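Visitor: sequence-free structure coming up:
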């Protein structure tokens with residue numbers, strides 16, 4: 001299966017348009033149509049319905065495989081490039097919003113030991129950190145999430161990244177001020193509550209549903225941003241509850257401990273094979289700090 005054809009298929013399916021996919025990929029619309037036709041011929045089945053442009057059942061099945069396959073190819077390309085490229089004088093870092101502080105604290109030491117290094121820090125979503133490090137866009141990344149106390153974060157089955165634990169802390173339920181709930185509580189007691197789904201800030205609701213063994217935790221409000229203050233404002237205004245690490249809950253919010261299931265908030269460093277001296281130094285410093 002040609003990965004170029006597969007990438008075109010994914011783009012068309014995501015954009016819902018051959019012309020929009022052509023613009024994004026820098027192809028002509030005719031070339032995009034030829035790519036899709038070639039892939040359908042290779043697999044022996046239609047993958048897209050044309051009006052509207054939506055995946056067929058076979059296309060839906062291929063999409064389930066396409067993301068991990070393309071990510072793995074990007075990771076392989078980046079890993080090979082690391083072995084042949086000269087060490088650059090730049091250090092590209094990524095961090096999810098709640099993990100950024102773990103990197104920032106030690107950047108001064110990197111600047112001291114590797115003067116002249118240009119450092120770029122990108123704060124982005126958790127999945128973007130993983131994909132960016134795997135693809136070589138970022139030399140190092142820090143991401144966060146929830147896990148059982150002794151378990152690592154589940155990142156991606158599509159790539160193999162090296163990880164180092166950086167921090168962990170208890171979780172709390174963040175509530176509006178003056179909320180009547182004043183004691184520790186289990187997720188099972190809150191299955192019917194109004195929840196805010198903030199996948200790049202709060203504990204993701206799919207992970208909470210899996211931990212609670214219940215499909216009843218559903219969002220009343222979804223916030224796709226990365227601004228923690230905005231999430232605090234939404235909680236304070238009564239739009240819903242969220243599970244946060246204790247240090248990320250604003251003082252003006254009410255909080256109660258999450259007592260069951262036993263989960264913690266974890267922050268981890270992730271990277272591939274390092275060749276840049278500044279990246280190696282930062283990884284070593286973070287490992288020692290932990």
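Guide: In hand now; what should we look at? Quick caveat: nothing in here was measured; it's all calculated off a predicted structure.

Visitor: Now residue 119. Nearest residue, chain neighbours left out?
Guide: With sequence-adjacent residues excluded and distances taken as Cβ to Cβ, 6 or more residues apart in numbering, residue 119 is closest to residue 91, at 4.8 Å. (Glycine included, C-beta is placed from N, CA and C.)

Visitor: which residues touch whichever strand or helix holds that neighbour?
Guide: Following DSSP states H and E, one finds residue 91 within strand 90-95. For strand 90-95, contacts defined as Cβ atoms under 8 Å, 6 or more residues apart in numbering pick out 102-103, 110, 114, 117-124, 128-129, 132-133, 137-143, 276, 278-279, 282.

Visitor: what do you get if the cut-off is 7 Å, keeping everything else the same?
Guide: For strand 90-95, contacts defined as Cβ atoms under 7 Å, 6 or more residues apart in numbering pick out 103, 110, 117-124, 129, 132-133, 137-142, 276, 278-279.

Visitor: What of stretch 142-160?
Guide: Residues from elsewhere that reach stretch 142-160, judged by Cβ under 7 Å, 6+ apart: 68, 71-72, 75, 95-96, 98-100, 102-103, 126, 129-130, 134, 161, 163, 166, 171, 203, 207, 262-270.

Visitor: Which of these fall in helices?
Guide: Residues of the contacts of stretch 142-160 located in helices (DSSP state H): 68, 71, 72, 75, 100, 102, 103, 126, 129, 130, 134, 207.

Visitor: what are the ranges of the strands in this protein?
Guide: Per DSSP state E, the chain carries strands over the ranges 48-50, 53-55, 90-95, 118-123, 140-147, 162-175, 185-186, 195-197, 219-222, 242-245, 254-260, 264-271.

Visitor: The nearest residue to residue 62 once chain neighbours are set aside and residue 58, how far apart?
Guide: Once flanking residues are discounted, residue 62 sits nearest to residue 47: 6.2 Å by Cβ to Cβ, 6+ apart. Applying Cβ to Cβ, to the nearest Å, the value for residue 47 to residue 58 is 6 Å.

Visitor: who has more neighbours, these two?
Guide: Between residue 47 and residue 58, counted using other Cβ atoms under 10 Å, the more crowded position is residue 47 (21 against 15).

Visitor: Dihedrals phi and psi, that one?
Guide: Main-chain torsions, residue 47, degrees, to the nearest 10: phi -110, psi -20.

Visitor: which stretches of the stretch 151-290 of the chain aren't confidently modelled?
Guide: Filtered on pLDDT under 70, the stretch 151-290 of the chain yields the residue ranges 157-159, 287-290.

Visitor: So what touches stretch 99-108?
Guide: So stretch 99-108 is contacted by 93, 95, 119, 121, 123, 142-144, 166-167, 267, 282, 285-286, 289 (Cβ under 7 Å, 6+ apart).

Visitor: Equivalent analysis for stretch 113-126, please.
Guide: Identification of contacts with stretch 113-126 by Cβ under 7 Å, 6+ apart yields 89-97, 100, 103, 107, 110-111, 138, 143, 145, 200, 226, 277-278, 281.

Visitor: end-to-end on it?
Guide: 29 Å (Cα to Cα, to the nearest Å).

Visitor: Repeat that for stretch 11-29.
Guide: Taking Cα to Cα, the first and last residues of stretch 11-29 lie 12 Å apart.

Visitor: do stretch 181-194 as well
Guide: Start-to-end, stretch 181-194 (Cα to Cα) is 14 Å.

Visitor: tell me which residues of it are tucked away?
Guide: Of all the residues in stretch 181-194, those buried under the rule 16 or more other Cβ atoms under 10 Å are 185, 187, 190, 191, 193.

Visitor: can you put those in a markdown table and add distance to residue 24?
Guide: Below are these laid out as a markdown table (distance: Cβ to Cβ, whole Å):
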| residue | distance to residue 24 |
| --- | --- |
| 185 | 45 |
| 187 | 40 |
| 190 | 41 |
| 191 | 40 |
| 193 | 39 |
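
Visitor: Can you tell me which of those lies closest to residue 1?
Guide: Set against residue 1, the nearest of the buried residues of stretch 181-194 by Cβ to Cβ is residue 187 (41.3 Å).

Visitor: Now do the contacts for that closest one.
Guide: Going by Cβ under 7 Å, 6+ apart, the list of residues near residue 187 reads 208, 211, 212, 217, 260, 261.
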